[in-house]
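Visitor: the following block contains a protein sequence and its predicted model.
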Amino acid sequence: MRGATILKANEDKTRQLNKHTLMAYVGEAGDTIQFAEYIQANIQLYSMRNSTDLTPSETSSFVRTELARSLRSRSPYTVNLLLGGFDPRTSKPELYWIDYLASCAPVPYAAHGYAQYYCLSILDKHHHPDISLEQGMKILRMCTDELKRRLPIDFKGVVVKVVDGEGIREVEYEDGGQVLAP
Amino acid sequence: MVGKDCVAIACDLRLGLQALTVSNNFPKIFSYGSQVHLGLTGLATDVSSVSELFRYKVNMYRLREERDISPQTFANLVSSSLYERRFGPWFVSPVVAGINQTDGKPFICGFDSIGCIDFAKDFIVSGTASDQLFGTCEGLWEPNLGPEDLFETISQALLNAVDRDALSGWGAHVYIIEKDKVTKRLLKGRQD
């Protein structure tokens, strides 16, 4: 499916930074991959030099600082990021919301762009701090169904990756049939 | 807000993009040394950047001088650091609160985004709810409040002001600073 407005429908917009940290990015084409791979390379370099991985919160500080530096440069990166990670020391999952202005916040759930308007209210209603992966996937399904129903542009589906103590894995996400109005 | 031998500083916890709330856990008060506290409102990215910049500057000051920075010195540091960016400012309106360890007197002041200091002996307000805060603080504050009364006053002033502003609220942090003690309290507040 390729046309005037869609060049590719299944691009994976994530980069693995280290064993248990994953970064998803959206924004200006070109900026996104350039910035994401710059961050990925530096995080991997840190892991090799020090034989230890940066924790997700440390990674978020590094990413934010780099983005904040770029913001006040001649050509800033217009990249919005979500940083998901599992801290092996505290055994806790973490999620960071970072936008192109380099505002960074630790959050229980997040979205970027128009999806925020449709998804955050669903997540706010159904999310609890101690939900299981299955319950989480159910809420995610509610979100993508809502996007199919209401997003003015054609919604091409999602890539779903899970970050936990074992590392990062992509999970099969059935692109279910028609979504009916409630 | 100033009390008798104590001073209080409080902030809400909302982070938002205009009307959209992104996070309700974004504190805007940062402590530098034992007694000096800095509140930052404005562009979220600059709140983080400026707080980190002052952490660096105050740590360097402490290593050089081998003592904690006084609130007055810190206020001048904030002022000159902001004016350094006169023609491309940090978009923040800071508030400083602390107790001077030499004379034991409370000190508060506020700034505009380019570092003009606003000294006050009662209270300083800042942020999107500043109009509302002026109202509640004018109404509730009185001189020589003790630490407990000051906590009640600043909390009521903040909570009632943010309830009259759509862009503020979602919880609050309140610090009561006394000469040898700092108490931090979390207020849940309205979450709608």
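Guide: Received it, and whenever you're ready, just let me know what you need.

Visitor: does anything pack onto the lengthiest helix in chain A? Which helices or strands?
Guide: Secondary structure of chain A per DSSP state H: the longest helix is helix A:31-50. For helix A:31-50, the packing partners by 3 or more Cβ pairs under 8 Å, 6 or more residues apart in numbering or on different chains; DSSP states H and E come out as strand A:14-18, strand A:21-27, helix A:56-71, strand A:79-87. Glycine gets a C-beta too; all of them are placed from N, C-alpha and C.

Visitor: most tightly surrounded among these?
Guide: Among the helices and strands packed on helix A:31-50, ranked by average contacts under mean count of other Cβ atoms under 10 Å in any protein chain shown, first place goes to strand A:79-87 (a mean of 23).

Visitor: give me the angle between it and strand A:21-27.
Guide: With axes from the mean of the first three to the mean of the last three Cα atoms, to 10 degrees as the basis, strand A:79-87 and strand A:21-27 are set at 170 degrees to each other.

Visitor: now the terminal residues of stretch A:4-22, how far apart.
Guide: End-to-end distance for stretch A:4-22: 31 Å, by Cα to Cα, to the nearest Å.

Visitor: got the contact list for that stretch?
Guide: Outside stretch A:4-22, the residues that touch it by Cβ atoms under 8 Å, 6 or more residues apart in numbering or on different chains are A:1-2, A:23-26, A:32, A:36-37, A:39-40, A:43-44, A:47, A:53-54, A:56, A:59, A:83-88, A:153-154, A:156-157, A:159, A:161, A:163, A:165, A:167-168.

Visitor: okay, the helices and strands packed on helix A:31-50 in TSV with mean pLDDT next?
Guide: TSV is the format used below for the helices and strands packed on helix A:31-50 (pLDDT from 0 to 100):
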stretch	mean pLDDT
strand A:14-18	97
strand A:21-27	97
helix A:56-71	97
strand A:79-87	97
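
Visitor: of the ones you listed, which approaches B:Ala97 most closely?
Guide: Nearest to B:Ala97 among the helices and strands packed on helix A:31-50 is helix A:56-71 (25.8 Å), distances taken as Cβ to Cβ.

Visitor: my read is that B:Cys109 contacts B:Ile117, right?
Guide: Yes - between B:Cys109 and B:Ile117 a contact is recorded at 5.4 Å, counting by Cβ atoms under 8 Å.

Visitor: those helices in chain B, which residues are they?
Guide: According to DSSP H, the helices that chain B contains are B:44-65, B:71-84, B:130-140, B:147-162.

Visitor: mean pLDDT and distance to A:Tyr173 added to those helices, as JSON lines?
Guide: Converted to JSON lines, the helices of chain B look like this (pLDDT from 0 to 100; distance: least, Cβ to Cβ, whole Å):
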{"stretch": "helix B:44-65", "mean pLDDT": "98", "distance to A:Tyr173": "32"}
{"stretch": "helix B:71-84", "mean pLDDT": "98", "distance to A:Tyr173": "48"}
{"stretch": "helix B:130-140", "mean pLDDT": "98", "distance to A:Tyr173": "46"}
{"stretch": "helix B:147-162", "mean pLDDT": "97", "distance to A:Tyr173": "40"}
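
Visitor: among these, which is the most enclosed?
Guide: Of the helices of chain B, helix B:147-162 is the most buried (mean count of other Cβ under 10 Å), at a mean of 20.

Visitor: what comes into contact with that helix?
Guide: Residues from elsewhere that reach helix B:147-162 (Cβ under 8 Å, 6+ apart): B:1, B:3, B:6-12, B:123, B:129, B:132-133, B:135-137, B:139-142, B:145, B:168-169, B:172, B:174, B:176, B:178, B:183, B:185, B:187, B:189-190.

Visitor: report the buried members of the residues you listed.
Guide: Buried by 16 or more other Cβ atoms under 10 Å in any protein chain shown: B:1, B:3, B:6-12, B:123, B:129, B:132-133, B:135-137, B:140-141, B:145, B:168-169, B:172, B:174, B:176, B:178, B:189, out of the contacts of helix B:147-162.

Visitor: ok, residue 88 - contacts?
Guide: In the absence of a named chain, chain A is used. Going by Cβ under 8 Å, 6+ apart, the list of residues near A:Pro88 reads A:20, A:165.

Visitor: please go with chain B instead
Guide: If a contact means Cβ under 8 Å, 6+ apart, then B:Gly88 has A:Arg72 as its contacts.

Visitor: contact partners for residue 43?
Guide: You didn't pick a chain, so chain A it is. A:17-18, A:21, A:54, A:59, A:62.

Visitor: I was after chain B.
Guide: By Cβ under 8 Å, 6+ apart, the contact list for B:Leu43 reads A:101, A:103, B:90-92.

Visitor: phi, psi for the nearest residue to B:Cys11 once chain neighbours are set aside please.
Guide: Excluding its sequence neighbours, the residue lying closest to B:Cys11 (Cβ to Cβ, 6 or more residues apart in numbering or on different chains) is B:Lys28, at 4.1 Å. Backbone torsions of B:Lys28, given as degrees, to the nearest 10, read phi -120, psi 10.

Visitor: wait, what's in contact with B:Lys28?
Guide: Contact analysis of B:Lys28 by Cβ under 8 Å, 6+ apart lists B:11-13, B:39-41, B:47.

Visitor: how about the residues of chain B by chain A?
Guide: B:15, B:17, B:20-23, B:25-26, B:43-45, B:48-49, B:52, B:88 (Cβ under 8 Å from any Cβ of the partner chain).

Visitor: tell me who's in contact with B:Ser23.
Guide: B:Ser23 is in contact with A:97, A:105-107, B:13-15, counting by Cβ under 8 Å, 6+ apart.

Visitor: which bits of chain A sit near chain B?
Guide: A:64-65, A:68, A:71-72, A:97, A:99, A:101-107, A:110, A:116-117, A:120.

Visitor: just the buried residues of those.
Guide: Among the residues of chain A next to chain B, those that count as buried by neighbour count (16+ other Cβ under 10 Å) are A:64, A:68, A:71, A:97, A:99, A:101-107, A:110, A:116, A:120.
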